[in-house]
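S.K.: Let's see this in three dimensions:
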Amino acid sequence: MANKFVIIFNNASKEQQDVITRRLQGTKYSFWHWMENVWLVTTDENVTAKSFAEWLEKFTGITRFYVVFRIDGPCPYWGRNNNEAWKWMAKFWGPSDH
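M.R.: Next comes the predicted model:
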């Protein structure tokens, strides 16, 4: 089962967001970044929220005002977004809350 993470930054600049996105690209992580300052990430690797956060800090240099949540088990969701965003959610996070 894939590990799921939510990464939230407080007011990351466009440049900082680009650094985070570029760092996630080309890794074993699949990610969703359809909203400013928010990334949803999945991986089959055994990673903790702390080790994931430390990995991000090492490669981005951003060390303040963020949080990483690890989601264990089902994670119902609902909202409004681009159709492509929902396709990713259904594929990597499961069905939405009905």
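S.K.: In space, not sequence, find me the middle residue of the protein.
M.R.: Residue closest to the average C-alpha location in the chain (CA atoms, centre = their mean): L40, at 2.5 Å.
S.K.: Let me see the ranges of the strands in this protein.
M.R.: 3-9, 30-35, 38-43, 66-71 (DSSP state E).
S.K.: any low-confidence regions in the protein?
M.R.: 1, 98 (pLDDT under 70).
S.K.: change it to 80
M.R.: Counting by pLDDT under 80, the chain contains low-confidence ranges at 1, 63-64, 98.
S.K.: now the helices for it?
M.R.: Counting by DSSP state H, one finds helices in the chain at the ranges 14-24, 49-60, 83-93.
S.K.: okay, those in CSV with mean neighbour count and distance to I7 next?
M.R.: From N, CA and C alone the C-beta is placed, and that goes for glycine too. Rendered in CSV, the data for the helices of the chain read as follows (neighbours: other CB atoms under 10 Å; distance: least, CB to CB, whole Å):
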stretch, mean neighbour count, distance to I7
helix 14-24, 14, 8
helix 49-60, 15, 7
helix 83-93, 14, 14
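S.K.: Bridge partners for the residue nearest to the centre of the chain, pull those for me.
M.R.: L40 has these beta-bridge partners by DSSP bridges: V6, W32.
S.K.: how far away is it from W88?
M.R.: Applying CB to CB, to the nearest Å, the value for L40 to W88 is 8 Å.
S.K.: Touching both of the two, which residues are there?
M.R.: Common contacts of L40 and W88 (CB atoms under 8 Å, 6 or more residues apart in numbering): W32.
S.K.: ok, back up a step: now for the residue nearest to the centre of the chain: which residues touch it?
M.R.: With CB under 8 Å, 6+ apart, L40 has these contacts: 4-7, 31-33, 88-89, 92-93.
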